[in-house]
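S.K.: Prediction below, plus the sequence it came from.
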Amino acid sequence: MHVYFVYLIVCSDGTFYVGVTNNVVRRFQEHCEAIDPRSYTAKRRPLKLVYVEPFQWILDAIAREKQIKGWSAPKKQALIMNDAAVLHELAKCNNHTRHDLPERDSE
């Protein structure tokens with residue numbers, strides 16, 4: 001059975017990097033060593049691995065990676081801190097225009 005991981009790294013500038021791998025230790029080491037000098041993390045070292053989530057299926061891991069990448073920094077921080085209450089609050093829709101649209105009359 002294969003295991004895949006979604007991981008979050010905090011960079012020295014306070015930004016987050018989210019990725020997927022089948023070997024967290026190796027992949028984090030590659031980030032720390034700046035194997036690809038053009039990569040996002042290469043110029044933002046030192047790095048700190050702050051979150052790892054396992055998945056059985058690669059497509060599930062990729063979907064979760066994309067989901068987390070779309071989150072705000074406070075929501076990523078809540079995930080790292082395992083703060084379910086804050087995650088729930090930040091997940092609420094704050095798009096007032098969506099709720100303030102006038103109802104349509106059906107004819």
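M.R.: Great, that's in hand. Residues are numbered from 1 along each chain as shown.

S.K.: what stretches of the protein score poorly on pLDDT?
M.R.: Scanning the chain for pLDDT under 70 picks out 94-107.

S.K.: now the residue sitting nearest the centre point of it: how far from Arg38?
M.R.: For the chain, Ile68 is the residue whose C-alpha lies nearest the centre (Cα atoms, centre = their mean; 3.2 Å). Relative to Arg38, Ile68 is positioned 23 Å away (Cβ to Cβ, to the nearest Å). Just so you know, the C-beta spots here come from the backbone N, C-alpha and C atoms, and that holds for glycine as well.

S.K.: Quick check on the residue nearest to the centre of the chain: phi, psi?
M.R.: The phi and psi values for Ile68, taken as degrees, to the nearest 10, are phi -70, psi -40.

S.K.: residue contacts, it?
M.R.: Val6, Leu8, Val18, Lys76, Leu79 (Cβ atoms under 8 Å, 6 or more residues apart in numbering).

S.K.: Which of those sits closest to Gln56?
M.R.: Gln56 has its nearest neighbour among the contacts of Ile68 in Val6, at 12.5 Å by Cβ to Cβ.

S.K.: Bridged to that closest one, which residues?
M.R.: Beta bridges link Val6 to Val20, Glu53 when assigned by DSSP bridges.

S.K.: again with the one 4 residues further on
M.R.: The partner list for Val10 in beta bridges (DSSP bridges) reads Phe16, Lys48.

S.K.: neighbours around it, how many?
M.R.: Residues lying near Val10 (other Cβ atoms under 10 Å) number 19.

S.K.: distance of it from Ala61?
M.R.: Counting by Cβ to Cβ - Val10 and Ala61 are separated by 20 Å.

S.K.: same check, this time on Arg45
M.R.: Distance of Arg45 to Ala61, computed by Cβ to Cβ: 25 Å.

S.K.: This protein: strands as residue ranges?
M.R.: 4-10, 16-21, 48-55 (DSSP state E).

S.K.: so of those, which one's packed in deepest?
M.R.: Per residue and on average, the most neighbours among these fall to strand 4-10, with a mean of 21 (mean count of other Cβ atoms under 10 Å).
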